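Student: I'll drop the sequence and a predicted model, then ask my questions.
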Amino acid sequence: MVAIATYRRPELLAACLDSVLPELGEHDVLLVVDNDAQGSAGEVVAAHARTDTRVRGITEPSPGIAAARNAAVEEFLGGKHDALVFIDDDETASPGWLQAHRAAMARTSADATFGPVIPHYADGVSAWIRWLGFFARTDAPTDSDVRWPATNNVRISHALFDRDSSLRFSEEYSMTGGSDTDFFFRARAAGAVLRWVAEARVDETVPTSRANLRWLWRRGVRLGNVSARMLRRQGRASVWIVSVGAARMVAAAGLALVAIVRSKPAGPQLMHIPKGAGMIREARGSLVQEYSRTEPVS
């Protein structure tokens with residue numbers, strides 16, 4: 001089963017559905033979890049379901065990505081599916097995406113396989129953003145271990161839930177993000193095998209609304225918050241987290257210089273500055289509420 005959690009992005013959702021449908025097998029299911037209580041994804045889902053019975057839609061009114069992901073997990077466990085696949089609603093699958101995941105899981109007996117997200121810039125994005133490569137995503141050799149797992153491109157085996165039927169995304173992270181990092185952190189601590197699949201690509205368009213220093217700083221701080229929270233789960237004290245965050249900020253310039261010398265994008269290294277700041281802020285009890293909402297009054 002392929003699941004897409006969405007919130008008020010019908011045009012992007014339609015493009016995502018169009019890219020995923022050719023990847024499905026005859027008995028696969030494509031589930032859209034609409035996290036908008038107003039049902040803004042309804043028309044897009046209904047239009048696709050009329051032409052392809054493999055498309056289904058449900059509404060999860062509880063706000064937050066963790067609740068939407070958990071709704072997908074419940075639907076998955078209630079059916080007869082061997083794996084649960086997540087892709088974000090602002091991404092599109094490349095040809096052979098799903099088969100690459102299937103082949104890797106069969107080859108490695110992994111509990112979850114993860115693939116790269118390839119950024120593409122919208123018209124109007126500044127040249128310096130492109131040159132520095134701030135939106136360059138993680139990649140690694142196929143079948144290697146995954147350091148920072150996420151749900152933007154993942155296939156999860158049913159075996160993971162067979163071993164721990166209570167495994168869910170923590171709604172403690174609904175407004176801050178990081179529920180996927182926390183989910184796989186706990187899964188790996190319980191012995192889960194997580195593997196990378198370089199061939200299982202998805203594409204993402206970076207809009208101009210994100211390609212600016214203010215958005216990048218906020219995102220980096222949020223990711224630093226998540227890193228600190230994972231370290232805290234390991235029993236690390238606040239003073240240790242602050243020290244690591246500060247060291248991360250100091251090292252960022254040197255890492256960026258090395259990247260430039262090697263003719264590689266320096267943006268990912270420069271992002272260690274806001275990430276380090278985010279670790280320090282978490283130690284002081286300050287978290288970025290990136291997914292907070294102001295719902296219309298009915």
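Tutor: Arrived safely.

Student: now do the contacts for the closest residue in space to W217 that isn't next to it in sequence.
Tutor: Closest residue to W217 apart from its sequence neighbours, by Cβ to Cβ, 6 or more residues apart in numbering: P274 at 4.8 Å. All C-beta atoms are positioned from the backbone trio N, CA, C, and that covers glycine. Shown in contact with P274 (Cβ atoms under 8 Å, 6 or more residues apart in numbering): 216-221, 223-224.

Student: my reading is that F184 lies in a helix. Confirm?
Tutor: Yes. Under DSSP: H, G, I helix; E, B strand; the rest coil, F184 sits within a helix.

Student: list the contacts for it?
Tutor: 112, 146, 149-150, 192, 194.

Student: next one: G39
Tutor: By Cβ under 8 Å, 6+ apart, the neighbours of G39 are T59.

Student: and the helices in the stretch 51-200 of the chain?
Tutor: 65-77, 97-108, 127-132, 158-163, 179-189 (DSSP state H, counting those that start in this stretch).

Student: need the winner for burial among these.
Tutor: Using mean count of other Cβ atoms under 10 Å, the stretch among these with the largest mean neighbour count is helix 65-77, at a mean of 21.

Student: pLDDT averaged over it - what is it?
Tutor: Averaging pLDDT along helix 65-77 gives 97.

Student: got it, and stretch 256-275?
Tutor: On average, stretch 256-275 scores 91.

Student: pull the distance from that stretch to the chain's centre.
Tutor: In this view, stretch 256-275 has its centroid 22 Å away from the chain centroid, taken as Cα atoms, centre = their mean, to the nearest Å.

Student: kindly report the same for stretch 253-267.
Tutor: 25 Å.

Student: which of the contacts of F184 tops the neighbour count?
Tutor: The most neighbours of any of these, using other Cβ atoms under 10 Å, belong to A112, which has 26 neighbours.

Student: bridged to that one, which residues?
Tutor: Judged by DSSP bridges, the bridge partners of A112 are I156, L194.

Student: do I have it right that it meets H158?
Tutor: No. Using Cβ atoms under 8 Å, A112 is not in contact with H158, being 11.1 Å away.

Student: got the contact list for the nearest residue to R130 once chain neighbours are set aside?
Tutor: Distances taken as Cβ to Cβ, 6+ apart put Y121 closest to R130, at 5.7 Å, once the chain neighbours are dropped. Going by Cβ under 8 Å, 6+ apart, Y121 touches 129-130, 135, 205-206, 211.

Student: do R163 as well
Tutor: Applying Cβ under 8 Å, 6+ apart, the residues near R163 are 190-191.

Student: quick one: the strands in the stretch 101-250 of the chain?
Tutor: Counting by DSSP state E, counting those that start in this stretch, the stretch 101-250 of the chain has strands at residues 112-114, 117-121, 153-157, 194-196, 202-206.

Student: dump the ones you listed to a markdown table, plus mean pLDDT and distance to S174.
Tutor: Below are the strands of the stretch 101-250 of the chain laid out as a markdown table (pLDDT from 0 to 100; distance: least, Cβ to Cβ, whole Å):
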| stretch | mean pLDDT | distance to S174 |
| --- | --- | --- |
| strand 112-114 | 98 | 21 |
| strand 117-121 | 95 | 22 |
| strand 153-157 | 98 | 19 |
| strand 194-196 | 97 | 23 |
| strand 202-206 | 96 | 22 |
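
Student: and A83, which of those is closest to it?
Tutor: Checking the strands of the stretch 101-250 of the chain against A83 by Cβ to Cβ gives strand 153-157 as the closest, at 5.2 Å.

Student: chain center to that closest one, what's the gap?
Tutor: Centre to centre, stretch against its chain (Cα atoms, centre = their mean), the figure for strand 153-157 is 11 Å.

Student: quick one on the thing from earlier: nearest to D90, of the helices of the stretch 51-200 of the chain?
Tutor: D90 lies closest to helix 65-77 among the helices of the stretch 51-200 of the chain, at 12.8 Å (Cβ to Cβ).

Student: for that closest one, packing partners?
Tutor: Here helix 65-77 touches strand 2-6, strand 30-34, strand 83-87, helix 158-163, helix 179-189, going by 3 or more Cβ pairs under 8 Å, 6 or more residues apart in numbering; DSSP states H and E.

Student: could you check how far the residue nearest to G224 when sequence neighbours are not counted is from G96?
Tutor: Nearest residue to G224 in three dimensions, chain neighbours excluded: G278, at 2.2 Å (Cβ to Cβ, 6+ apart). Distance, G278 to G96, using Cβ to Cβ, to the nearest Å: 36 Å.

Student: any chance of the helices and strands packed on helix 65-77 in CSV, plus distance to T51 and mean pLDDT?
Tutor: Output for those, formatted as CSV (distance: least, Cβ to Cβ, whole Å; pLDDT from 0 to 100):
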stretch, distance to T51, mean pLDDT
strand 2-6, 17, 98
strand 30-34, 12, 98
strand 83-87, 20, 98
helix 158-163, 29, 95
helix 179-189, 31, 95
